[in-house]
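>>> Quick one, structure for this:
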Amino acid sequence: MSLSTRRTLYIFFIIIFFTITPLIMLYAAGYSLADGLKVQKTGILIADTEPEGATIVIDGKTQKNLFNKIFNIDGKIITTPAKVKNLIPGEYTITLSKDKYWDWQKKLSIKPGESTYIENVSLFKKDTPLLMSTGTYEKNAFSPNKEYLAFSSQTEIVLIDAESGTQAPYSLVSTTTPLSAINDLLWSPNSKNLIYGNRLFSVKDWQNPIDLSKIIGNNITDFSWDNDNDYIYYLSNSTLHRFNIATQSSQEVKQNLDSKKYIINDNLLHYLQNEKNAANITTWDIDGNKQTASISLPVSDYVLTGNKKYLNLYDRSHHILYLLDPFSAYKPIRESITNVDFFEWINDNKLLFANQYEIWIFDLEHRKNTLLTRISQEIKAAIWHPSDNYIIYATDKDIFTIELDDREKYNITKIIELETIKNPILNKKGDTLYFYSKIGNQEGMYKLTIQ
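Modelled structure (predicted):
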């Protein structure tokens, strides 16, 4: 190689060095060349998903590592969790995609010198429901600790261990209680026992329930548990009794109570009685055997429930939920929420509620209602997901998820469509749905893995 050639190459590499080095330094410092060779501060996208390993696609372009991106060659793509650096500020359509899962997509703004986060994203599986047990199951309920699932038909009640999936059916054919009088599935607060059809089941001895009708009589309805799992309350001939499980003895608590119009909370009995011109809600100290509070309301078709802060009085005739403080003489009605068909307390300050065509969240602390979705199909169920970032809701034939990240929009994903769907419930982890359905000729309880 001649001297002039070596000099030419030397000068060429010097020029390349002084040209590329500033660009690399600008790139490393978070700058990029925009249109018109303008130097501009860039932004960063930080994405994470559950499960990990989702491909990141920005405006239709799958993101690759820097070398493959510069030279536009096939190579290792970027998957979550990951940072995508040096994005020119602007609005991008971002898609997170993983095989056998539904895509996540949203339009997000990238701002100069800032990081845009995609966090708490749960990708939901594309899966096929698995038939667990055949039959026409009308009721189902998880235990409070979500370790056991009970579901019932007119001929049997089935217990499933949610962890192992093992089943323990019990025949109801020989029950002495008329099927029309069977109560809802009522779990004890400690998840060890369940009442159904006047029988007290134990999860440790499922095949040998106690027939309560043989101990306390046949005319018993409206069971309720105390908070400490020691007593079962029930109505018999409009009189409230409590049954001591340990001693298997019963005592009278209060006379003249209406069916479905009472709740027990911390040894306090709250009961509702309709009179000629008013509905009275009375609070009764069970151990002290005395009245401690009373509230008068217009007569209507009410149901009493409760959370830790307030009594929940639901007006079924007018679809209104009242939050009551029975010990407040100044303002016993603390809040009223209209157009409610069903509701669920997420925590002491957050309420999920729905009507036929809308799903809302009510923030008790800030007295704020937020509409999540409005659809043309009738909503049959709405379930809070344990990630605290999703709600699962069902119609007669479909199950959807709503992501609560409200940037651009609430993402709604249909995860399955079937001939019929009834009574969907979610396990503790939030990765499995159980529901009654009929798929082809197979009718029964199904489970669907969603994560």
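>>> where does the stretch 1-150 of the chain have low pLDDT?
Under the criterion pLDDT under 70, the flagged ranges of the stretch 1-150 of the chain are 1-40, 66-75.
>>> All the helices of it, in order from the start?
Per DSSP state H, counting those that start in this stretch, the stretch 1-150 of the chain carries helices over the ranges 3-28, 66-71.
>>> Could you do the stretch 351-451 of the chain as well?
Remark: no helices are assigned in the stretch 351-451 of the chain by DSSP H, counting those that start in this stretch.
>>> so I215, which of the three states?
Recorded secondary structure, I215: helix (DSSP: H, G, I helix; E, B strand; the rest coil).
>>> got a list of what it touches?
243, 248, 250 (Cβ atoms under 8 Å, 6 or more residues apart in numbering). Placement of C-beta: from N, CA and C, glycine included.
>>> shaky segments in the stretch 351-451 of the chain?
For the stretch 351-451 of the chain, no stretch is flagged by pLDDT under 70.
>>> May I have the beta-bridge partners of the spatially closest residue to L324 that is not a sequence neighbour?
Closest residue to L324 apart from its sequence neighbours, by Cβ to Cβ, 6 or more residues apart in numbering: L311 at 4.2 Å. Beta-bridge partners for L311, by DSSP bridges, are G306, L324.
>>> contacting residues for L311?
Applying Cβ under 8 Å, 6+ apart, the residues near L311 are 263, 270, 281, 304-305, 323-326.
>>> Name only those of the contacts of I215 that count as buried.
Among the contacts of I215, those buried by neighbour count (16 or more other Cβ atoms under 10 Å) are 243, 250.
>>> ok, of the contacts of I215, which one's closest to T136?
T136 has its nearest neighbour among the contacts of I215 in F243, at 31.3 Å by Cβ to Cβ.
>>> hang on, isn't the closest one packed against V253?
No. Using Cβ atoms under 8 Å, F243 is not in contact with V253; the gap is 10.5 Å.
>>> which neighbours do these two share?
Y233.
>>> how does the chain divide into domains?
Domain ranges of the chain: 1-32, 42-122, per automatic domain parsing.
>>> pLDDT averaged over stretch 276-290 - what is it?
The average of the pLDDT scores along stretch 276-290 is 86.
>>> List the buried residues in it.
Residues of stretch 276-290 classed as buried: 279, 281-284, 286 (neighbour count, 16+ other Cβ under 10 Å).
>>> what do you get for stretch 218-233?
Under 16+ other Cβ under 10 Å, the buried positions of stretch 218-233 are 220, 222-226, 231-233.
>>> Likewise for stretch 297-311?
So stretch 297-311, judged by 16+ other Cβ under 10 Å, has buried residues 297, 302, 304, 306-307, 310-311.
>>> Over to stretch 121-137?
Buried residues in stretch 121-137, defined by neighbour count with 16+ other Cβ under 10 Å: 121-125, 127, 129, 132, 135, 137.
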